[in-house]
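In: with the sequence up front, the predicted model follows.
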Amino acid sequence: DIQLTQSPSSLSASVGDRVTITCRATQTVSNWLAWYQQKPGKAPKLLISKASTLDHGVPPRFRGRGSGTEFSLTIDSLQAEDVGLYYCQQYQSSWTFGQGTTVEVQ
Amino acid sequence: VQLVESGGGLAQPGGSLRLSCEGTDFDFGNHALTWVRRAPGRGLEWVSSVSRTGRTTYYADAVKGRFTISRDNPKNTLFLEMNSLRPEDSGIYFCAKSPVDIIAYFDSWGQGASVTVAS
C-alpha cells in the first residue's frame, strides 16, 4: 500500500503569510494526487486534483506542485477563512489519504 | 450537487448499521461513488468504492468481509451495510462522488453520518 506523510502536522501563521504543506509518498504516484480542505464540522472540499489542477471556484492563492513522491500545497497569502485541516490523497494505486495538516491563523 | 447521508447512530460491538446517501442535482448513475470515514482524532480513511453500475466494488482491508457497498441508481441512493461492527469503526462516514466513472479523487462530499460503536 502507498502511504502518504504530510508535514508539518500543524502550523500557525499570520494573515498574508505564505504557507506550504508537504506530502510525501512511499512510492511514486506520478501526478495522481489531490488536496482537500476540511473546515470544522464541514465536509471535505476538493482543492486540487492531478497534483496542480485547481478545482472550480478555488481561489488562485492555492497552488499545488510536485510529481512522483514529493508534493506541496502552498497558500500564497493566507486568509482567515483558510483555517482548517488539509489532506493529500493519492489515487495511483487504491486510495489513501495523508494524516492531515491543521492550519491556524494567528 | 448534493449528497445527503443518513442511517448513522449507536451500535453495539458485533452489531450492524446501514448507511444511505442520496444524491441530487447530478447524473447519479454516471459517477463512481465512495465512502470515506474519519475516526475521532484521526484523519480521513478510504472505506469502499463502487462503480457507476454497481458491478465493481472495492474495500479497504479493515472492512473487507464485514461491510458491503451497493447502489440503487433509479433511486439515486448509495448504501453501506456494516456488519460485525467494532469500536474502531466509530467515526463520521462521508459519501463522495468521483467526477466520472473512474474512482480517482472526490469532487463532492456529503456532510457525513455519525457512527458510534460502543457497549
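Out: Nice, I can see it.
In: okay, CA-based contacts and neighbour counts for the rest of this
Out: Fine.
In: residue B:67 bridge partners, please.
Out: residue B:82 (DSSP bridges).
In: from what I can see it touches residue B:81, true?
Out: Yes. Using Cα atoms under 8 Å, residue B:67 is in contact with residue B:81, at 5.5 Å.
In: count of neighbours near residue A:11?
Out: 15 (other Cα atoms under 10 Å in any protein chain shown).
In: who has more neighbours, residue B:67 and residue B:81?
Out: Neighbours of residue B:67 and residue B:81, each counted by other Cα under 10 Å, are more numerous for residue B:67; the result is 20 against 14.
In: contacts only, for that one.
Out: Contacts for residue B:67 were tallied using Cα atoms under 8 Å, 6 or more residues apart in numbering or on different chains; they are B:80-83.
In: which residue is nearest the centroid of the chain?
Out: You didn't say which chain, so I picked chain A. residue A:35 (4.1 Å; Cα atoms, centre = their mean).
In: oops, chain B please
Out: Nearest to the geometric centre of chain B sits residue B:35, at 3.0 Å (Cα atoms, centre = their mean).
In: so the residue nearest to that one when sequence neighbours are not counted versus residue A:11, what's the distance?
Out: Spatial nearest neighbour of residue B:35, excluding adjacent residues (Cα to Cα, 6 or more residues apart in numbering or on different chains): residue B:95 at 4.6 Å. Distance of residue B:95 to residue A:11, given as Cα to Cα, to the nearest Å: 28 Å.
In: which parts of chain A sit against chain B?
Out: A:33-34, A:42-46, A:49, A:87, A:89-91, A:95-100 (Cα under 8 Å from any Cα of the partner chain).
In: picking up where we left off before, ok, now how distant is the residue nearest to residue B:35 from residue A:5?
Out: Counting by Cα to Cα, the gap from residue B:95 to residue A:5 is 24 Å.
In: looking at strand pairing, list the partners for residue B:9.
Out: As for beta bridges, residue B:9 partners with residue B:115 under DSSP bridges.
In: mind checking how far it is from chain A?
Out: 17 Å (Cα to the nearest Cα, to the nearest Å).
In: contact partners for that residue?
Out: Residue B:9 makes contacts with B:17, B:113-116, as judged by Cα under 8 Å, 6+ apart.
In: apply 7 Å and report the result again.
Out: The contact partners of residue B:9, taken as Cα atoms under 7 Å, 6 or more residues apart in numbering or on different chains, are B:114-116.
In: measure it to residue B:86 for me?
Out: Counting by Cα to Cα - residue B:9 and residue B:86 are separated by 14 Å.
In: residue A:63 too?
Out: Residue A:63 is 39 Å from residue B:86, by Cα to Cα.
In: okay, residue B:95 and residue A:5: which has more neighbours?
Out: residue B:95 (31 against 19).
In: that one falls within a strand, correct?
Out: Yes. Membership of residue B:95 in a strand is supported by DSSP: H, G, I helix; E, B strand; the rest coil.
In: stretch A:93-105: which residues count as buried?
Out: Of the residues in stretch A:93-105, A:95-105 count as buried by neighbour count, 16 or more other Cα atoms under 10 Å in any protein chain shown.
In: do stretch A:22-30 as well
Out: Buried residues in stretch A:22-30 (16+ other Cα under 10 Å): A:22-25, A:28-30.
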